[in-house]
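A.B. asks: Give me a 3D structure for the following:
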Amino acid sequence: MKILFLGDVMGRAGRTAVADHLPRLRAEWKLDFVVVNGENASNGMGLTGDHAKGILDAGADVVTLGDHAFDQKDMLRFIDSEKRVIRPINFAKDAPGKGARLFEDRRGRKVLVAQVLGQVFMKRAFDDPFSAIDGVLRAHPLGGLAQAVIVDVHCEATSEKMAMGHWCDGRASMVVGTHTHVPTGDAMILEGGTAYLTDAGMCGDYNSVIGMDKAEPMRRFITGMARDRFSPAGGEATLSGFYIETDDRTGRATRALPVRVCGRLQASGPL
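C.D. replies: Numbering: from 1, shown residues only. Modelled structure (predicted):
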């Protein structure tokens with residue numbers, strides 16, 4: 001199975017890049033399944049229903065969220081009507097939507113998508129991510145009920161993401177980090193056959209401070225004072241993500257490559 005995961009979509013620039021390039025990538029790379037993290041797609045804070053529809057219409061099979069899952073209030077209702085949007089499994093027990101769900105690719109193969117929030121350096125205390133994901137993986141054995149398993153681990157600390165990768169090794173096809181908006185260079189296949197990347201990066205304008213227009217973040221760092229709100233940078237966006245290929249029988253990864261397409265970074269991909 002050929003799977004593409006795209007990192008945090010950042011504002012209008014990120015949405016435009018996904019709409020402009022994902023349909024072509026899906027066709028040229030003959031992708032079987034695409035997951036996009038969309039939690040910053042609506043002005044850098046959360047995701048509206050309309051913007052979720054746009055990402056899905058561009059070719060995503062599933063959209064994951066994050067700690068800003070419900071910053072846009074209409075997502076509280078939308079997520080129950082659109083099963084292809086996944087919020088973190090350990091967000092809150094009474095939160096709407098689901099944190100893990102079984103989907104089918106276009107050939108009928110079962111794909112489990114799950115998202116979990118980390119605890120280290122996060123602004124609020126979330127439930128234990130390791131026990132939360134453990135229960136999901138036990139219920140959906142790789143190569144059995146699920147031909148592929150994708151885990152989006154949304155957190156700050158690289159060490160926590162790495163620990164999650166090893167915790168899921170052999171039980172997931174892919175464990176990929178999101179949230180920090182900075183792509184890492186450690187794409188690998190772990191000993192048990194799980195493809196791992198600490199952070200997929202963002203789909204946004206890299207002439208920025210983690211996707212935000214440079215002026216206000218720099219002012220706050222230099223002066224210690226805020227004057228304006230943060231706003232997403234609006235220049236040409238780069239798509240950043242993680243591409244893997246899996247063995248249909250075992251669900252384990254056979255190939256794992258970081259993806260950078262268009263924008264201000266040199267384009268590259270799995271071809």
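A.B. asks: C-alpha from now on. contacts and neighbour counts both.
C.D. replies: OK.
A.B. asks: Can you give me the distance of the residue sitting furthest away from the middle of the chain to Ala215?
C.D. replies: Relative to the centre of the chain, the most outlying C-alpha is that of Thr223, 33.1 Å out, by Cα atoms, centre = their mean. As judged by Cα to Cα, to the nearest Å, Thr223 and Ala215 stand 12 Å apart.
A.B. asks: before we move on, what about Phe126?
C.D. replies: 32 Å.
A.B. asks: neighbour count winner among those two?
C.D. replies: Counted by other Cα atoms under 10 Å, Phe126 and Ala215 do not tie: Phe126 has more neighbours, with 18 against 14.
A.B. asks: Would you double-check that the more buried one falls in a strand?
C.D. replies: No. Using DSSP: H, G, I helix; E, B strand; the rest coil, the secondary structure at Phe126 is coil, not a strand.
A.B. asks: helix or strand right after the lengthiest helix in the chain?
C.D. replies: Across the chain, the longest stretch assigned as helix under DSSP state H is helix 11-28. As assigned by DSSP states H and E, the chain's next helix or strand after helix 11-28 is strand 33-37.
A.B. asks: After that following strand, heading C-terminal, what element do we hit next?
C.D. replies: helix 49-57.
A.B. asks: Following element in sequence after that following helix, please.
C.D. replies: Counting by DSSP H and E, the next helix or strand C-terminal to helix 49-57 is strand 62-64.
A.B. asks: so what's Val153 bridging to?
C.D. replies: Counting by DSSP bridges, Val153 is bridged to Val116, Gly177.
A.B. asks: What number of residues are in the vicinity of it?
C.D. replies: Val153 is flanked by 27 other residues according to other Cα under 10 Å.
A.B. asks: dump the residue contacts of it.
C.D. replies: By Cα atoms under 8 Å, 6 or more residues apart in numbering, the contact list for Val153 reads Gln115, Val116, Leu117, Gly118, Lys161, Met164, Val175, Val176, Gly177, Thr178.
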